[in-house]
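1. give the three-dimensional model of this entry:
(2 chains)
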2 protein chains.
Amino acid sequence: MPTSETQQPQSDSLDQSFLSRVLRIVEDQNLIAGEFPTNEKVVEFRHPRELEQEFDLQISKKPTSSDELEKICIKAAKYSVKTCTPKFYNQLYHGVDEFGLAGSWLSDALNTNNYTFEVAPVFILAERAILEYIRRKFGWTQGDGIFCPGGSISNMYGMILARHKAFPEIKTKGLIRGGQSLVIFTSDESHYSISKGANWLGIGTENVIKIKTDEAGKMIPELLEQAIEHAQAEGNVPFFVNATAGSTVMGAFDDLTRISQICKRHGLWMHVDACWGGAVVLSSIHKRLIEGCQFADSIAWNPHKMIGAPLQCSAFIVRHPGLLHQANSASATYLFQQDKFYDVNYDTGDKSVQCGRKVDGFKLWLMMKARGEAYFEGLVDNAFAQAKYFMTLVEKTPGFRPVFDFGYSCTNVCFEYIPERLRGCPETSEWKEEVAQIPPKLKEALIKKGSMMIGYQPLKHKNKSNFFRMVVHCVPPPTPQDMEYAIKELDMCGRLL
Amino acid sequence: MPTSETQQPQSDSLDQSFLSRVLRIVEDQNLIAGEFPTNEKVVEFRHPRELEQEFDLQISKKPTSSDELEKICIKAAKYSVKTCTPKFYNQLYHGVDEFGLAGSWLSDALNTNNYTFEVAPVFILAERAILEYIRRKFGWTQGDGIFCPGGSISNMYGMILARHKAFPEIKTKGLIRGGQSLVIFTSDESHYSISKGANWLGIGTENVIKIKTDEAGKMIPELLEQAIEHAQAEGNVPFFVNATAGSTVMGAFDDLTRISQICKRHGLWMHVDACWGGAVVLSSIHKRLIEGCQFADSIAWNPHKMIGAPLQCSAFIVRHPGLLHQANSASATYLFQQDKFYDVNYDTGDKSVQCGRKVDGFKLWLMMKARGEAYFEGLVDNAFAQAKYFMTLVEKTPGFRPVFDFGYSCTNVCFEYIPERLRGCPETSEWKEEVAQIPPKLKEALIKKGSMMIGYQPLKHKNKSNFFRMVVHCVPPPTPQDMEYAIKELDMCGRLL
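-> Alright, predicted model coming up:
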């Protein structure tokens, strides 16, 4: 018989305290939003090859002492991007809500898999409660839902449920439909996950029909209807329309009411990708942007965007009870026994394409419980107000100008920056080419200085070369001074380019 | 202009300390593996409706005080399952490695998205390093890889890459193949994620051919070859073989070398689902079980199983450089700009079906860095030794007996428990029916007592009714006393059923 003495691996005697060391690093390095000294950098940039020299990345036979490991963690924090600063506008996520993080730390420590009530009783209830809350916020009185590992997977859930509702036999038979293709419709401003999903699901990226948008980036409903009729006339099978509520670059909200009418007329599933813009449901003022979401069949919303839930926190909701289960179930007998002694309707695992599923609902539930709805309404309203203020600064500051005549949408402000030497010149094609080369150069300067991170991109479907996209978030709550800082810093680093 | 005074939401003045309160809960409630008092319960069970009464699950307008919130967190921990105890054998995951958890807490605090080097410099390097380490451990000298949200998604990656390598046009055109179905082969002991993946990817669950296994649960290679030839003869298109290394119930390892020869002969992709059994690569003694993995095209391994990395931690590796990118890229211009000033080969996002991707590699890298390889080798060897000891207890303890003549495999010990009144009786069909009703009843008793959680299931393809599955893990490192406790506790609660 093996004895515990001979078989037991030796562990580091300093183990007990390592989590408290992590807490100290988090506090000392001000990693939580709202506590960041203004003179600190958003990033201490090193090129990949340089950064590789800072760490011994190899795994060796022997352990590393806790002191050494603490140094590694300090260095990891030092060279990581400080998303908690009011200098990080690079992406649609940003700083983290402290109570959300607390929920994340607690559920991580409990190391729980969210697939059955049996193993995740509290987290299953929290997920049910927060999903029911989200459905109500989007104007629904019934339905189901699940937290997903990111909005792209949420959007795929939408496609799968739409497919299963229309053609349940595809689950078993696969996608042979006698030469007919399933067809998806989405705007040319929509997120690329629609195409990635169509690739994975065997629909094919060419069967994603990109509908033109108006000058503000909203899908043109008449063109959607024409495209549906055209696909039908070609003998193909429309089944899914993705409407966007808060597009990635322009922040556009499609007209959900009109799109829902078209979907109804043609018997198509209406999914709303509200991953970015969904947070407007928390605001009495701004929820009008998402009017019509109450008619959707499914909605994806990422609370890890805009309102600062810790990554990953992506909610998917569906109006039709039972469909998540019907579309995804495989009835694994080792996990979803039907002879359990409790109400197995609380088990969620067979609704999911995943088997194990991380606890993502609890942290959102906890942070909303902690802060209360009114706090988040204030956060969202403030982010919109600061975006508006940023736009006024863009309009009045020399060298800055909006990219689009319509202005801006959501909290996305798209703008061009023109260095001094190029201001007031005739806007020839050479001039435009030069201006388009500014964003990568200016961004490089900002990153190397560590003073700001902000996104830029071209937008082919609007015939635009590189321009900047400011995205104003809720965490840390931006101030007018933050907006002024962003403008000043861009101008200071960019003027002489 | 909005002022910061009017727009700024008010936050709770006690914010600063809440993370330290979480740390205290984790310490006070002994949530970290290895520190659990022997008299504490693995779960304080409440039925769903009862547990709902313990929490006010509603989100209200107003905030909750930090003191109240702390009580909620304490209660959440109290009613959660303590996966860190040597009383939790319910699933293939279990207690968490403290250093892994430290990595998770740190990356959660930094709230980082793992899609570009730009925003995740340190975590991208750690992911690259640990994936390269994993590839080497599985006997590869080249390739690529990515961390996925769970093994089911990893297995889908395998299918997608296989499909893209064989039929790259499906990415754009979709799955119409003129009446031919794509066909997948996997054992009848394999994980249900293969079927779930076939459902999502439009292949169809009926096009997943389940190959019979031998008495030990290993796929029978001759039958695999026959099935491939049969599918071809029917005009369908075999493209993917899933071999299992550590099946969920029986712990079976397929003969990877022979399967690889068959795949080679027929030009098929060989994926290895090593989600559970992959940890044997860390052991000089037990890695022989996975011999042949060096010939695979892709492998899925979940370090959150067996070795105790925090959930989720699922590695997917592929032998063919470039294919992850080719199969998944959508070239989003707002995220993967090619005019960046650093080496964009370090950006991972366009290799993924996800957009945002949680940092899952760093925690594994950190815990392996902390502990060293030798520690994990000891852990794995100890888990196997304790499983062996558990099997001897099953064989010699009255009322217990192995389910299978072959014994057991991996650290999965399948056994029946027979209460006193049924021992020594003729094993009629009525008797068998009664014995099959014991596991749910005995499990209910154990859970209500809080003394142990252990899985049970029927296994139709082996013509078996309900039986127990013991799975021995690495964290907390099991001792002979733990194995004896499990046997005694089952017998104490089950004898009089």
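2. name the next helix or strand downstream of whichever helix in chain A runs longest, please.
-> Longest helix of chain A, by residue count under DSSP state H: helix A:373-396. Using DSSP states H and E, the next helix or strand after helix A:373-396 towards the C-terminus is strand A:400-402.
3. please name every helix or strand in contact with that following strand.
-> Helices and strands touching strand A:400-402, by 3 or more C-beta pairs under 8 Å, 6 or more residues apart in numbering or on different chains; DSSP states H and E, are helix A:373-396, strand A:412-417, helix A:480-494. In this view, the C-beta of every residue, glycine as well, is placed from N, C-alpha and C.
4. quick check: buried residues in the longest helix of chain A?
-> Across helix A:373-396, burial judged by 16 or more other C-beta atoms under 10 Å in any protein chain shown covers A:373, A:375-391, A:393-394.
5. what's the answer for stretch A:208-228, then?
-> Judged by neighbour count using 16+ other C-beta under 10 Å, the buried positions of stretch A:208-228 are A:208-211, A:213, A:216-221, A:223-225, A:227-228.
6. can you get me the start-to-end distance on that stretch?
-> In stretch A:208-228, first residue to last residue: 11 Å (C-alpha to C-alpha, to the nearest Å).
7. now find how far off-centre that stretch is within its chain.
-> 23 Å (C-alpha atoms, centre = their mean, to the nearest Å).
8. now tell me what touches that stretch from outside.
-> Applying C-beta atoms under 8 Å, 6 or more residues apart in numbering or on different chains, the external contacts of stretch A:208-228 come out as A:183-190, A:194-195, A:198, A:231, A:238, A:241, A:243-244, A:247, A:249-255, A:258-259, A:262, A:265-266, A:268, A:404-406, A:409, A:461-462.
9. for PyMOL, what selects the buried ones among the residues you listed?
-> The PyMOL selection below is limited to those of those classed as buried (16+ other C-beta under 10 Å):
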select buried, chain A and resi 183+184+185+186+187+188+189+190+194+195+198+231+238+241+243+244+247+249+250+251+252+253+254+255+258+259+262+266+268+404+409+462
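10. next step: the contacts of stretch A:208-228 restricted to strands.
-> Mapping the contacts of stretch A:208-228 onto strands (DSSP state E) picks out A:V183, A:I184, A:F185, A:T186, A:S187, A:P238, A:V241, A:A243, A:T244.
11. chain A: strands as residue ranges?
-> So, for chain A - with DSSP E - the strands run A:88-89, A:144-148, A:182-187, A:208-211, A:237-244, A:269-273, A:298-301, A:314-318, A:400-402, A:412-417, A:453-459, A:464-471.
12. ok, back up a step: ok, the buried residues of stretch A:208-228 vs chain B, which is closest?
-> Proximity of the buried residues of stretch A:208-228 to chain B (C-beta to the nearest C-beta) peaks at A:V208, which lies at 9.7 Å.
13. what is the burial count for A:G399?
-> Around A:G399 there are 17 other residues, counting by other C-beta atoms under 10 Å in any protein chain shown.
14. cool, A:S65 as well?
-> Counted by other C-beta under 10 Å, the residues lying close to A:S65 total 12.
15. chain B versus that one, what's the distance?
-> A:S65 is 9 Å from chain B, where distance means C-beta to the nearest C-beta, to the nearest Å.
16. quick one, phi psi at that residue?
-> With angles defined as degrees, to the nearest 10, A:S65 sits at phi -70, psi 160.
17. picking up where we left off before, quick one, which of the helices and strands packed on strand A:400-402 gets closest to chain B.
-> Comparison of those against chain B by C-beta to the nearest C-beta identifies helix A:373-396 as nearest, at 3.6 Å.
18. anything in that closest one near chain B?
-> Yes - Helix A:373-396 lies within reach of chain B by C-beta under 8 Å from any C-beta of the partner chain, at A:E373, A:A374, A:Y375, A:G378, A:L379, A:D381, A:N382, A:A385, A:Q386, A:K388, A:Y389, A:T392.
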